[in-house]
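> this one's structure only:
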């Protein structure tokens, strides 16, 4: 793990204080500046193999620029890992917190991108 990050207790270790999908998060990190927090859970899929779901939030609950999300992905999961930021159908939207979600592909690489 990058030296700029500290592992902290995950939501699933703090008992009944958390609910919903957050209970599934089994890793948590905070950057040493105290600006960002990242929650992580592993998902096993048939199509893509193991995928890590990372929920990223900053302390000010403001927008996070793309370059910061890229830096966080690189530092916590690796510079050569691909990740997807997903935009759901409106009927499946959950927008209760100013949090950004990326899915890091552990076993496959997408065959498209910007070359």
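All right, it came through fine. Remember, it's a predicted structure, so these values are computed and weren't measured experimentally. Numbering: from 1, shown residues only.
> can you give me the helices for this structure?
66-77 (DSSP state H).
> from what I can see residue 53 touches residue 44, true?
No: counting by CB atoms under 8 Å, residue 53 does not reach residue 44; the two are 11.4 Å apart. C-beta coordinates here come from the backbone N, C-alpha and C atoms, glycine included.
> pull the residues that contact stretch 90-97.
Stretch 90-97 is contacted from outside by 57, 61, 88, using CB atoms under 8 Å, 6 or more residues apart in numbering.
> and that stretch, what's its mean pLDDT?
Across stretch 90-97, pLDDT averages out at 85.
> what's the first-to-last distance across that stretch?
End-to-end span of stretch 90-97 (CA to CA, to the nearest Å): 16 Å.
> can I have the buried ones of the contacts of stretch 90-97 as a PyMOL selection?
To isolate the buried ones among the contacts of stretch 90-97 in PyMOL, judged by 16 or more other CB atoms under 10 Å, type:
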select buried, resi 57
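> burial of residue 98, as a residue count?
The tally of other residues near residue 98 (other CB atoms under 10 Å) stands at 12.
> ok, now residue 72?
Neighbourhood size, residue 72 [other CB under 10 Å]: 23.
> quick check, residue 109 in contact with residue 82.
Yes: between residue 109 and residue 82 there is a contact under CB under 8 Å: 5.7 Å.
> which of these two has more residues huddled nearby?
Counting neighbours by other CB under 10 Å for residue 109 and for residue 82 shows that residue 82 has the greater number, 16 against 10.
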